[in-house]
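K.L.:
task: produce atomic coordinates for the following.
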Amino acid sequence: MDRDELRRIIRKYLADKPRNTAEISAWLNSQKDPLNSSEIAAIMESDATLVRIGTVHKSGMAGNSPPLSEWATEEWVRHHERNSPKERRE
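P.N.:
Numbering: from 1, shown residues only. Below is the predicted model of the structure:
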């Protein structure tokens, strides 16, 4: 499967709600050929319509494990953005 096809199915998977890299990786591996998290992150970072919205720590992770990136589509972010305090008063 080429990178454009992977981007398309990842965008579709993220359309409902944000997911972290581990969730995306597990879902992709159940659907298609296995990829590691680094490959998936590189694909998502190169897609202008996907946004890294934060990081999460996996429950039960001990030691110096890095946090997982959380991803969403630009459309999801626009829809869920909060108004600034000035905009709320008007």
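K.L.:
contact partners for the residue nearest the centre of the chain?
P.N.:
Closest residue to the average C-alpha location of the chain: residue 71 at 2.0 Å, with CA atoms, centre = their mean. The contact partners of residue 71, by CB atoms under 8 Å, 6 or more residues apart in numbering, come to 10, 14, 18, 19, 20, 21, 24, 44, 50, 51, 52, 53. Quick note: C-beta positions are derived from backbone N, CA and C, even for glycine.
K.L.:
so what's the fifth one up against?
P.N.:
Meaning residue 20. Residues near residue 20 by CB under 8 Å, 6+ apart: 56, 58, 68, 69, 70, 71.
K.L.:
hang on, isn't the third one packed against residue 55?
P.N.:
Yes: at 6.4 Å, residue 68 counts as touching residue 55 under the criterion of CB atoms under 8 Å.
K.L.:
between those two, which is the more surrounded one?
P.N.:
Neighbours per residue, other CB atoms under 10 Å: of residue 68 and residue 55, the larger number sits with residue 68, 21 against 12.
K.L.:
residue contacts, the more buried one?
P.N.:
Neighbouring residues of residue 68 by CB under 8 Å, 6+ apart: 20, 21, 22, 55, 56, 57, 58.
K.L.:
what about the residues you listed, which are in strands?
P.N.:
Per DSSP state E, strands hold the following members of these: 20, 55, 56.
K.L.:
quick check, nearest of these to residue 39?
P.N.:
residue 20 (15.6 Å; CB to CB).
K.L.:
circling back: any idea how far the residue nearest to the centre of the chain is from residue 18?
P.N.:
To residue 18, residue 71 is 6 Å away according to CB to CB, to the nearest Å.
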